[in-house]
Each structure stands twice: as C-alpha cells, then as structure tokens.
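Undergrad: here is a sequence with its predicted model. Questions after.
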Amino acid sequence: MKALIVDDAKVVRVALGRIMNQLGFESIDAADGQQALDQMEAHPDVDVVMLDWNMPVMNGYDFLVAMRGMEQHGSSPKVVMVTTETGMPSMLKALAAGADEYIMKPFDKEMVAGKLEIVGLECNA
Ligand SMILES: [Mg+2]
C-alpha cells in the first residue's frame, strides 16, 4: 500500500515516513498542498494521505477540498489529518471536507497504527 505524507517540516516527513514504512506502506511525500496535488496526479494509486494543516503555498485544508473535488467515481484515498489544528471547529471543518481521521501532533507509531486501523487499512506491524 502507498502513503502520501504531506508536511512542510522535513523532520515530520522523515519521521512519519519511517513509521509508515515500518507499518508496511510505501511512502512518497510533499512539502505543501500544491506538491501534494502533483503527487496525486503522478501516483493515482495512493491509499492514504497523511496530511498536515498549516503549510505555505497551499494548506492541508485547501488541498483536501481540491483533492476531494477532483476525485472520480473510482478509488479515493483515506485522509488522516496530522496536525496541531485540533480545535473542534477545525476538526469538524476537515471531517466535513472529507478527512477520515485525526492525529494530534506529536504522534508515535502506536497512534498512527491505531488510526490506520480505524480507517480500515491493514498494517504489517
Ligand atoms: Mg506545518
């Protein structure tokens, strides 16, 4: 399975990429929402997007709205917000826009594995 990790902080992309690899996912990444849209076009087989909210160029929320708006009837990836934007209004806004789950930073492997299980993605570890 393939994960797209979207975060403007390289340290987060590296840490989350390592966790996703340990959980059996191939991972690709993007540093902002625009790069993430480009990655989705290049990799239509992405199973899950791990999505930061606050990023330059295009934030995670705007990416989410754009991506869900472009989806065809076929497969649509799960979206897990990984963010410090965890106030109830933000969470509800993201869920309404098509996010599936929420992880509050800082995260660890157990939290990530638990949320992936909730959204129905099998993990190897
Ligand atoms: Mg950020």
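TA: Good, I have the coordinates.

Undergrad: point out where the chain drops to low pLDDT.
TA: 72-75, 123-125 (pLDDT under 70).

Undergrad: name the residues of it found near the ion, please.
TA: 8, 52, 54-55 (CB under 5 Å from the ion). Every C-beta, even on glycine, is put in place using the N, C-alpha and C of the backbone.

Undergrad: list only buried entries from the residues you listed.
TA: Buried subset of the residues of the chain next to the ion (neighbour count, 16 or more other CB atoms under 10 Å): 8, 52, 55.

Undergrad: strands of the chain, residue ranges please.
TA: 2-6, 26-30, 48-51, 78-83, 101-104 (DSSP state E).

Undergrad: farthest-separated two in the residues of the chain next to the ion?
TA: Spanning the widest gap among those are D8 and N54, at 7.5 Å by CB to CB.

Undergrad: shared neighbours of the two, anything?
TA: Between them, D8 and N54 share no contacting residue under CB atoms under 8 Å, 6 or more residues apart in numbering.

Undergrad: what's the first-to-last distance across stretch 46-62?
TA: 18 Å (CA to CA, to the nearest Å).

Undergrad: equivalent analysis for stretch 47-64, please.
TA: Stretch 47-64 has an end-to-end distance of 14 Å (CA to CA).

Undergrad: now do stretch 25-39
TA: Using CA to CA, one end of stretch 25-39 lies 16 Å from the other.
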